[in-house]
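Novice: need a 3D model of the sequence below.
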Amino acid sequence: MDDGGPPPPRGGGPFRVSGQAGQGPGDRINPIARQTLIPRVTSFVVSETIAPDFHQRDTMTIQLDFITLQDLVRGEVLDPRDPRFADEAEAFNAAVTHRPDVVVAAADAADVVATVRWASLNSVKVAVQATGHGAERGIPGGVLVSTKHLRSVSVDPAARTATVGAGARWREVIDAAAEHGLAPLNGSSSDVGVVGYTLGGGLPVLGRTYGFAADSVLSLDIVTLDGDARTVSRTQEPELFDLLCGGGPGLAVVTGMTFRLYPVALVYGGALVFEGRHAEDVLRAFAAWAPTLSDASNSAIRFLRAPDSPEVPRELAGRLTVHVNFAHVGRGGERALAPMRAAAPVLLDLVDDLPYAEVDRVYSDPDQPMPFLAGGAGVVDLDEAAIRAVLAVAGPDAECILPLVDFRLLGGAMTSDDARTASAHGLAYALHVVGVLAPPIAEAVPGAIADILAAMAPFGNGRCPRNFLGDRSDLTPAWSATVAARLAAARAELDPEGLLVR
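Specialist: Residues are numbered from 1 along each chain as shown. Next comes the predicted model:
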């Protein structure tokens with residue numbers, strides 16, 4: 001708390017009680033709130049009495065008001081009995097269920113500050129979630145700070161920057177920037193939250209052209225575990241700023257961010273779709289073509305096994321298709337893509353000039369929650385042995401149950417040394433695999449992901465961009481040993497009790 005004591009009450013709530021000194025808070029208080037009631041003297045009365053021995057005595061009656069978490073924030077404080085609790089705590093991954101003791105639906109940055117101070121004062125674990133896309137495992141107990149309502153977005157067209165709240169999604173930034181012929185460095189889905197994606201480094205659609213999303217961050221508004229709210233940048237606490245930009249969560253809570261925008265109104269982009277029976281020809285052509293591309297070209301190759309469902313386009317439903325995703329900035333995109341158009345008969349040619357506001361058409365990622373498990377690794381080169389390994393685990397003759405095996409082309413402006421927190425680590429590709437945790441294959445999905453990662457391990461260097469690692473407790477492949485040591489030292493200093501959930 002501040003030296004001046006708790007702030008005055010800001011309204012009632014599910015955890016608020018008050019009464020005379022010595023009274024209990026009552027049975028309706030959530031257990032985690034019960035241990036964090038803060039007594040405050042609200043009034044006292046001094047009275048004079050005459051005792052039997054005819055000496056004057058002064059007595060004092062103290063009125064106490066118990067300050068609870070709800071009193072400290074403007075947003076709602078919800079426990080599992082509240083009908084709004086599940087919606088506020090929901091993750092995008094339907095296989096992940098958060099079970100915190102309470103959720104704070106932060107209405108503003110001040111709510112985040114108050115909640116972090118509250119958690120630190122009481123040694124309570126605190127986790128943070130905005131859109132829920134980064135949720136890889138459930139949060140057990142403690143307090144979950146929901147920043148999804150901090151959705152402010154402002155664009156400065158003259159400075160070519162955007163400033164957003166912690167709950168903003170890329171779609172909101174894309175639309176606001178497009179009005180000025182500008183574009184941000186969003187990933188394959190504009191439904192994803194800006195801040196969480198960027199703290200993991202952020203692998204943009206235009207990453208080869210402009211770098212990792214974290215490289216374009218100018219400043220971060222943060223709250224550290226001591227409850228101190230401040231702004232960090234390359235000139236204000238540059239060491240902490242650099243670690244936050246790619247180090248993922250675990251150092252501080254981010255409430256806002258300012259980052260660069262780029263003069264891109266149009267891209268030549270979309271996807272070439274090939275039948276699965278042409279997988280080998282397409283993969284070999286891609287492996288030879290990708291290293292020849294300029295930084296203006298961004299691409300990936302995906303092995304997609306879509307379900308046989310009415311919601312899926314009939315050309316893709318119930319079969320293996322191979323997708324070459326492409327986004328080119330400036331002139332020459334059609335010429336650059338020509339070798340892949342000639343690689344095999346094209347089932348669907350979905351590449352054309354796209355307004356940047358339609359950039360989701362490059363990857364066409366699903367925007368509805370589903371239960372899934374993901375994993376990732378880095379690949380140094382798609383040489384002959386690597387091509388054979390890919391075809392063995394994901395090609396047309398493979399017994400693959402995973403809907404997506406994705407090789408995202410790195411390099412270009414993402415080529416950076418291991419001293420950077422967000423780094424490509426000398427990799428040519430980031431491998432991303434996804435499995436759907438639904439019957440009848442749910443139990444087999446973890447093993448299937450592990451098999452593909454094991455098959456591709458000989459072609460990596462032990463590293464992988466943070467955002468592509470998926471659900472794993474060991475995040476060390478995301479950083480060099482030097483960066484990992486810096487992150488560990490910073491966490492020990494900023495969060496010695498380990499209260500901030502990573």
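Novice: OK, contacts around Leu272?
Specialist: Going by CB atoms under 8 Å, 6 or more residues apart in numbering, Leu272 touches His323, Val324, Phe326, Leu337, Met340, Arg341, Val346, Leu348, Asp349, Leu350, Val351. The C-beta positions use only the backbone N, C-alpha and C, and glycine is treated the same way.
Novice: swap in Arg420?
Specialist: Residues near Arg420 by CB under 8 Å, 6+ apart: Asp242, Gly246, Val483.
Novice: pLDDT at the second one, what is it?
Specialist: The predicted local distance difference test score for Gly246 is 92.
Novice: so it, which of the three states?
Specialist: For Gly246, the assignment made with DSSP: H, G, I helix; E, B strand; the rest coil gives helix.
Novice: right, and it touches Ser423 too?
Specialist: Yes. Using CB atoms under 8 Å, Gly246 makes contact with Ser423 at a distance of 7.5 Å.
Novice: more neighbours: those two, which one.
Specialist: Gly246 (28 against 25; other CB atoms under 10 Å).
Novice: how close does that one sit to Leu206?
Specialist: The gap separating Gly246 from Leu206 is 18 Å, by CB to CB, to the nearest Å.
Novice: now stretch 77-91: buried residues?
Specialist: Going by neighbour count (16 or more other CB atoms under 10 Å), the buried part of stretch 77-91 is Val77, Leu78, Asp79, Asp82, Phe85, Glu88, Ala89, Glu90, Ala91.
Novice: among the residues you listed, which lie within helices?
Specialist: If you go by DSSP state H, those have Phe85, Glu88, Ala89 in helices.
Novice: now the common contact residues for Gly246 and Ser423.
Specialist: Shared contacts of Gly246 and Ser423, counting by CB under 8 Å, 6+ apart, come down to Gly201, Trp479.
Novice: and stretch 315-327, how far from the chain's centre?
Specialist: Taking CA atoms, centre = their mean, to the nearest Å, one finds the center of stretch 315-327 at 26 Å from the center of the full chain.
Novice: quick one: average pLDDT of it?
Specialist: Mean per-residue pLDDT for stretch 315-327: 96.
Novice: buried ones in it?
Specialist: For stretch 315-327, by 16+ other CB under 10 Å, it's Leu316, Arg319, Leu320, Thr321, Val322, His323, Val324, Asn325, Phe326, Ala327.
Novice: so where does the fifth one fall, helix or strand?
Specialist: Element membership of Val322 [criterion: DSSP states H and E] is strand 320-328.
Novice: which other residues reach the helix or strand just after that strand?
Specialist: Later in the chain than strand 320-328, the nearest helix or strand by DSSP H and E is helix 333-341. Contacts to helix 333-341, defined as CB under 8 Å, 6+ apart, come from residues 267-269, 272, 282, 285-286, 289, 293-294, 296-297, 324, 326, 328, 349, 351.
Novice: list buried residues within those residues.
Specialist: Neighbour counting by 16+ other CB under 10 Å classes 267-269, 272, 282, 285-286, 289, 293, 296-297, 324, 326, 328, 351 among those as buried.
Novice: for the residue nearest to Val173 when sequence neighbours are not counted, give me its contacts.
Specialist: Among residues not flanking Val173 along the chain, Pro184 sits closest, at 4.9 Å (CB to CB, 6 or more residues apart in numbering). When contacts are counted by CB under 8 Å, 6+ apart, Pro184 touches Ala162, Trp170, Val173, Ile174, Ala177, Val194, Ala213, Ser216, Phe259, Leu261, Tyr262.
Novice: please apply the same query to Val164.
Specialist: Arg151, Ser152, Val153, Ser154, Glu172, Val173, Val194, Val195, Gly256, Met257, Thr258.
Novice: wait, a helix at it?
Specialist: No. Looking at Val164 with three-state DSSP, it is strand, so not inside a helix.
Novice: got TSV for the buried residues of stretch 77-91, with pLDDT and distance to Ser123 too?
Specialist: Converted to TSV, the buried residues of stretch 77-91 look like this (pLDDT from 0 to 100; distance: CB to CB, whole Å):
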residue	pLDDT	distance to Ser123
Val77	95	18
Leu78	95	21
Asp79	93	19
Asp82	93	24
Phe85	95	23
Glu88	94	24
Ala89	93	22
Glu90	93	27
Ala91	91	25
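Novice: which of those residues lies closest to Val380?
Specialist: Taking CB to CB as the measure, Val380 lies nearest Ala91 of those, at 32.8 Å.
Novice: the closest one against Gln129, yeah?
Specialist: Yes. The criterion here is CB under 8 Å, and Ala91 meets it with Gln129 at 7.1 Å.
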